[in-house]
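Any chance you can model this:
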Amino acid sequence: MYEEVLKALSEFGAYEVGEISRRTGLSSPLVEQLLSEMHERGYIKPLVSECEMEHSGCSCSGGCVSLQTPSGWTFTEAGAALLESESSFGAEG
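The predicted model follows:
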């Protein structure tokens, strides 16, 4: 399922949950969960965040409104590397 979300982000740019859901056929709650997990692992980041604090030391960490309602998502370097490895893996099979 991560691969489907990664492909939606890479092929179409950064999208909000509803758009990713439509593109992948996954439910919005599942997309939200996958995005949250990928954000926690450092693969993606919110496009626009009103919170200027580092979330590792932020008192609202895990409950930050800016992370719950970002305008979209984009890859971090780690996410781009993961996408590349997923593409390479898929090409071998």
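
Looks like Thr76 contacts Pro46 (just checking).
No: counting by C-beta atoms under 8 Å, Thr76 does not reach Pro46; the two are 10.9 Å apart. (Glycine included, C-beta is placed from N, CA and C.)

Okay, the nearest residue to Leu6 once chain neighbours are set aside and Glu3: tell me how far apart.
Among residues not flanking Leu6 along the chain, Leu83 sits closest, at 4.9 Å (C-beta to C-beta, 6 or more residues apart in numbering). For Leu83, the distance to Glu3 (C-beta to C-beta, to the nearest Å) stands at 9 Å.

who's more crowded, those two?
Leu83 (18 against 14; other C-beta atoms under 10 Å).

List the residues that contact that one.
Residues near Leu83 by C-beta atoms under 8 Å, 6 or more residues apart in numbering: Leu6, Lys7, Ser10, Phe75.

just the helices in this protein please.
2-12, 17-24, 28-40, 65-68, 77-92 (DSSP state H).

rank the ones you listed by pLDDT, which is bottom?
Mean pLDDT values for those show the minimum at helix 65-68, a mean of 50.

Could you report the neighbour count for Ile44?
Residues near Ile44, counting by other C-beta under 10 Å: 27.

All set now, cheers.
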